[in-house]
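Visitor: coords below, sequence missing:
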């Protein structure tokens, strides 16, 4: 059984949702997106198929809910007061997710199933559900003065995770804790140097722009 590690409040509706989402993740890992059917999910969850259609509408809606819930449950958002350490811990959290038996298989199932509009939407939702959680980490660093004003928060987040996803999904290389630490260190150094400042949102003041001679 896949443990989504989500809070299980009382009530039949809440219990059904948890059972269905866990069944969806398990079926997705076992059969892949192409082999995922509402019938399989309903059988695993012990519910009627009409319940799935009534609440989630379609296979895509169900998978989006399951993946977002799983991504949120697996996220470990640090707040040490130091951006270098926070990014290092976040990178290690990504490493843990990508190398986990269940979570790693889930990521591979979502990102290796082809390139349809449905799957692109699903991957974007998977990314956004985690990015929204970690945005405060970068925002706090800007407020503390550890990163320059105007730093593009989303770019910082992308550059921590991108090397790890690339190693796993493109190069098929084994991931190490050292590779996670490297991604965090490089991103932190670049962010502090102003590499991720959004120039369009914070254009240089005319007085600071060098004028050509002559």
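Guide: Done, it's in. Just so it is clear, the structure is predicted and the values come from calculations on it, not from any experiment. Residues are numbered from 1 along each chain as shown.

Visitor: Correct me if wrong: residue 26 contacts residue 44.
Guide: Yes. When contacts are counted by C-beta atoms under 8 Å, residue 26 is listed as touching residue 44 (6.3 Å). Heads up, the C-betas are built off the backbone N, CA and C, glycines and all.

Visitor: And the next helix or strand past the helix or strand hosting residue 50?
Guide: Secondary structure here is read from DSSP states H and E; on that basis residue 50 sits in helix 49-56. Next along the chain after helix 49-56, taking DSSP H and E as the criterion, comes helix 59-74.

Visitor: what about residue 133, distance to residue 141?
Guide: Using C-beta to C-beta, to the nearest Å, we find residue 133 at a distance of 15 Å from residue 141.

Visitor: can you check residue 114 too?
Guide: With distances defined as C-beta to C-beta, the gap from residue 114 to residue 141 amounts to 37 Å.

Visitor: contacting residues around the lowest-mean-pLDDT helix or strand in the chain?
Guide: Averaged element by element with mean pLDDT, DSSP states H and E, the chain has its least confident helix or strand at helix 59-74 (a mean of 80). By C-beta atoms under 8 Å, 6 or more residues apart in numbering, the residues outside helix 59-74 that reach it are 2, 4-6, 20-21, 24-25, 28, 33, 36-38, 41, 52, 56, 97, 100, 103, 106, 110, 118, 121-122, 125-126, 129-130, 133.

Visitor: circling back: what comes up buried for the helix holding residue 50?
Guide: Neighbour counts over helix 49-56 (16 or more other C-beta atoms under 10 Å) mark 52, 56 as buried.

Visitor: again, but for stretch 173-193
Guide: Quick answer for stretch 173-193 (16+ other C-beta under 10 Å): 175, 179, 180, 181, 183, 184, 187, 188, 191, 192.

Visitor: pLDDT of whichever helix in the chain runs longest, averaged?
Guide: In terms of residue count, the longest helix belonging to the chain (DSSP state H) is helix 117-144. Taken as a whole, helix 117-144 has a mean pLDDT of 88.

Visitor: which element follows it toward the C-terminus?
Guide: Beyond helix 117-144 on the C-terminal side, the first helix or strand identified by DSSP H and E is helix 153-169.

Visitor: hmm, who's touching that following helix?
Guide: Contact with helix 153-169 is made by 87, 90-91, 94-95, 98, 104, 107-108, 111-112, 131, 134-135, 138-139, 142, 147, 173, 175, 179-180, 182-184, 186-187, 190-191, 196, as judged by C-beta under 8 Å, 6+ apart.

Visitor: Tell me how far it lies from the chain's centre.
Guide: Averaging C-alpha positions (C-alpha atoms, centre = their mean, to the nearest Å) puts helix 153-169 10 Å from its chain's average.
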